[in-house]
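# Coordinates for the following, if possible.
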Amino acid sequence: MINTPRTGFCWTSGFLKAIALGVQIILAAVVNAESPASAETDPSCENFYGNLEQLQQVDKAKNTRIDSHLFDNLEGKQIRNIQFNSLSIFDKDNPKENNALYMTLNKLHINTRPHVIRAQLLFREGEPLNVKKMQESERILRKRSYLTNAYIIPVVVCAEHVDVMVVTQDSWALEPQISVSKESEGTESGFAISDGNILGTGNSLTIGYEENTERNLISYDFSNPHIFNSQIATRIYYGDTSDGRDTIFDVSHPFYSLETPWAAGFYTQDVTQVEPIRHMDEKINEFRHQAMDNEIYFGVATDVTPGFTQRWLVGVSNEEDKFTATDKTVQGIPEERKAAYPWIEYQYLENRYGVFKNINQIQRAEDIALGQNITFRLGYAGTQFDNPDDVVRYIGSYTNILDFDQHHIFEGSVTLDGRHHSEMENIDTTVVEIDLAYNYFQDEKRRWYVAYSYDVGQDLAQYEELTVGDVTGLRGYPSDYQRGDKRYVFTVERRYFSDIHIFNLLRVGAVVFFDIGKAWGLEQYGPSPVLSDVGFGLRLSSSKVRIGNVVHIDIATPTSATNEPGVGKYQLTIGAQSRF
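Numbering: from 1, shown residues only. Take a look at the predicted model:
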């Protein structure tokens, strides 16, 4: 008889404490699962959940990195059985959630169906266990907005076989959305109803209505990243407006995983929106912008290794921008633009990931791509593609994320987006952006965050100009307070990730911050002094609804240029972002 080493059940220190589902949820999932009868007949088999008491006594160290090592000693064993445990939104075994309201919501909600989860896994029964496929399957599931979390654990381990369980917990996906804003020009209002997981299928549908002084809009937005339980992603958007219609159609077979051998897709968009232009807390211009984009592509993974993946893609894109005046246009409108071109793209992705907590989200597992990732696209076409002249199109990005000593993460990135026309002038829009960020983890809850960004642009249309103020940086100043073709922002934050869980619905964090920077370089906007501010804020993140969104409530006071027009003693900013 072969005894399975217990080291295969090792958890990284603090892992069970860290996961958003909590120790009790994971253990309950395992206990409630049926034990395969073969575990009793095969003398080499050992039940994983026979070690629950040891797991509950796991080391209490407070770590930011929470990778698990459950499958480290199980590589190559045949996957005999895959079990699925879909946990409800609210936990009936948690006294804080076992109440009439929460249990009623559980009954009204349909959990994600097992076949929907199964279709997204990168492994199947009968295959040899591959640890990287297990980890990437977890990452794929954790990306889904209809799941609060997802983990894969071994249930029964035998000499030659292993049974695994996929544990997922649903989020509340049906929600109304209401928006109202009032400015001097009039009131804007909107209402929508959204279901992000229709009948547990992963399909998402949003129906909305918006009204402002310019136009009315009724919109329908359907999407599914794995339609018909396949690896095909689809989005269909249709907006019926008082002055036309907006459409988006996107269907693709993406590079679903690092080992996916090929990808292909088609995308088309025709969307019109009003572009308000603000400066020094005043609206100085406005125009209507119609963006029409079409793209078709095909790509292959030419080099797939345990350490990295390389891909090549080819495609054809058509980009058109048209502009028309509104009754509030006072400074003219940008020139029309068109670029239709074939292109080739190279991608390099380092296959190195880490699972962290309390970095961009509050008390949730976060999958972060470590190491280097490179993307560069180059396209060219002449007048034979109905362009006004020859055009060169280039888009690229480079990112590198390093973690070291369990207390530090350094992020660096460079992005490039531009075009060059052989004859036409003043439409060679190009933007280069450099971003640096550093996270220092003092302990499980207290962190320092430092970030610096620098952008420089060329031949920017007015709606593309670089701005600072409000959500674009410098939270003590109104939105788009300064404009230019150059910009820098430096931020220091002291962050706190608390254990507060309001009604077991809202996670709470706090921040104290200092910002400094400016936008400059365009003569028409005059001198641009350096601006700075200090402030504090709250961060709210739902543990049951809209997973991944973090609500920012910031109050900041300017420490420079306080006598400038439009600058008050305090600036209140409220908005939802994807990061803390």
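
# which helix in the chain runs the most residues?
Counting residues, the longest helix in the chain under DSSP state H turns out to be helix 131-142.

# what helices or strands is whichever helix or strand comes after that helix leaning on?
The first helix or strand that comes after helix 131-142 along the chain, using DSSP states H and E, is strand 147-157. Using 3 or more CB pairs under 8 Å, 6 or more residues apart in numbering; DSSP states H and E, the elements in contact with strand 147-157 are helix 23-32, strand 46-47, strand 78-87, helix 131-142, strand 161-170. Heads up, the C-betas are built off the backbone N, CA and C, glycines and all.

# which residues are contacting stretch 312-321?
Residues from elsewhere that reach stretch 312-321, judged by CB atoms under 8 Å, 6 or more residues apart in numbering: 263, 289-300, 302, 334, 336-347, 377, 379, 393, 461.

# remind me which residues of the stretch 1-150 of the chain are low pLDDT?
1-41, 49-63 (pLDDT under 70).

# For residue 246, what are phi and psi?
phi -110, psi 140 (degrees, to the nearest 10).

# pretty sure it is touching residue 268, no?
No: assessed by CB atoms under 8 Å, residue 246 is found out of contact with residue 268, at 11.7 Å.

# Neighbour count for those two, which is higher?
The neighbour comparison of residue 246 against residue 268 (other CB atoms under 10 Å) goes to residue 246, with 18 against 15.

# Next, the contact list for the more buried one, please.
So residue 246 contacts 217, 219, 237, 238, 239, 270, 271, 272 (CB under 8 Å, 6+ apart).

# So what sits opposite it in the bridge?
Per DSSP bridges, the residues bridged to residue 246 are residue 239.

# quick one: pLDDT of it?
If you check residue 246, the pLDDT there is 90.

# Relative to residue 273, how far out is it?
Distance from residue 246 to residue 273, counting by CB to CB, to the nearest Å: 8 Å.

# before we move on, what about residue 559?
For residue 559 relative to residue 273 (CB to CB), the value is 35 Å.

# in this protein, which spans are helices?
Under DSSP H, the chain gives helices at 15-18, 23-32, 38-41, 52-56, 100-108, 114-118, 131-142.

# Enumerate the positions of the fifth one that are buried.
Of the residues in helix 100-108, 102, 105, 106 count as buried by neighbour count, 16 or more other CB atoms under 10 Å.

# what sits against the second one?
Taking CB under 8 Å, 6+ apart, we find residue 105 in contact with 89, 90, 172.

# Show me what the last one is bridged to.
Residue 172 forms beta bridges with residue 545, as assigned by DSSP bridges.

# ok, now which ones touch it?
Applying CB under 8 Å, 6+ apart, the residues contacting residue 172 are 89, 105, 109, 544, 545.

# ok, longest strand in the chain?
strand 282-304 (DSSP state E).

# Would you mind listing the buried residues in that strand?
Neighbour-count burial for strand 282-304 [16+ other CB under 10 Å]: 284-290, 292, 294-295, 297, 299, 301, 304.

# Which stretches in the stretch 401-550 of the chain count as strands?
Counting by DSSP state E, counting those that start in this stretch, the stretch 401-550 of the chain has these strands, from start to end: 408-421, 430-441, 446-458, 466-468, 482-484, 486-502, 506-520, 531-542, 550-558.

# export those strands to TSV and tack on distance to residue 208 and mean neighbour count?
Listed next are the strands of the stretch 401-550 of the chain as TSV, based on distance: least, CB to CB, whole Å; neighbours: other CB atoms under 10 Å:
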stretch	distance to residue 208	mean neighbour count
strand 408-421	29	17
strand 430-441	31	17
strand 446-458	32	17
strand 466-468	27	22
strand 482-484	31	25
strand 486-502	28	17
strand 506-520	24	20
strand 531-542	20	20
strand 550-558	20	19
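
# which one of those strands lies closest to residue 94?
Proximity to residue 94 (CB to CB) singles out strand 486-502 among the strands of the stretch 401-550 of the chain, at 10.5 Å.

# relative to strand 430-441, how tilted is the closest one?
Angle between the axes of strand 486-502 and strand 430-441 is 40 degrees (criterion: axes from the mean of the first three to the mean of the last three CA atoms, to 10 degrees).
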